[in-house]
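*Asks:* Return atomic coordinates for the entry below.
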Amino acid sequence: MVCMCNHRVIAPRISIALVLAIVLLAAPAWADFKAGEKAYQRGDYATALREWQPLAEQGQAGSQYQLGLLYANGKGVTKDDAKARLWYEKAAIQGHMEARVNFGVMLMYARGGQQDYKMAVYYLRLAANQGHDVAQRRLGELYQRGEGVQQDFIKAYMWYSLGAGHGAEAGARLRDALAKQMDPDQIVEAQKLVREWKPKAN
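*Replies:* This next block holds a predicted model:
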């Protein structure tokens, strides 16, 4: 019985020690990430790269996304869509929303690798379901053209409308242009889907 009591006392201590160790290890990484952000904001892309690269290689999604941006835009590095796509994909797999959008767009337009509409739909839908307006508009395009999904003007209209929800003119323009190809019943059905739509958890 004494032995069991000792185990009960030790277990919480181990848990607290583990949490403290994780926090202490994460603190320098967060400081390095913030240092990279500050360098990026002042246009010192080489320093930003130096701060983010080790974190990205360790699997930190935010740093992976930032490396994707550097390579996509040729800031501090030679522009390289293949490397941008690689880093976006790594961050997207971990659930980074902006990375999912950028990776989805690269898949749509065969930037940095092969075109893959089905995977583009997959990643854009994940972000669109959480309310990301660019992902919603891009998903609308894929539904309108029937790329990676069955062509569906009603769903395209819905996604365009949702993508215009925060005042984005691009979504409204795309929706209104598509409406000219739809009959009134289709528009009513699409508007009903818009009203019923709710964001989903990641």
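
*Asks:* helix or strand right after the helix or strand of the chain with the lowest mean pLDDT?
*Replies:* Across the helices and strands of the chain, the lowest-confidence element by mean pLDDT, DSSP states H and E is helix 2-41, at a mean of 59. Using DSSP states H and E, the helix or strand that directly follows helix 2-41 along the chain is helix 45-57.

*Asks:* Next up, the contacts around the residue nearest the centre of the chain.
*Replies:* The C-alpha lying nearest the average C-alpha coordinate of the chain belongs to M97 (C-alpha atoms, centre = their mean; 2.3 Å). Neighbour list for M97: L126, A127, Q130, H132, N202 [criterion: C-beta atoms under 8 Å, 6 or more residues apart in numbering]. C-beta coordinates here come from the backbone N, C-alpha and C atoms, glycine included.

*Asks:* Tell me the pLDDT of the second one.
*Replies:* Pointing back at A127 there. At A127, the model reports a pLDDT of 97.

*Asks:* tell me the domain ranges of the chain?
*Replies:* If you go by automatic domain parsing, the domain ranges for the chain are 1-115, 133-202.

*Asks:* tell me how far the first one is from the chain's mean position?
*Replies:* From the chain centre to the centre of domain 1-115 is a distance of 13 Å (C-alpha atoms, centre = their mean, to the nearest Å).

*Asks:* What of the last one?
*Replies:* The chain centroid and the centroid of domain 133-202 are separated by 19 Å under C-alpha atoms, centre = their mean.

*Asks:* Thanks a lot, catch you later.
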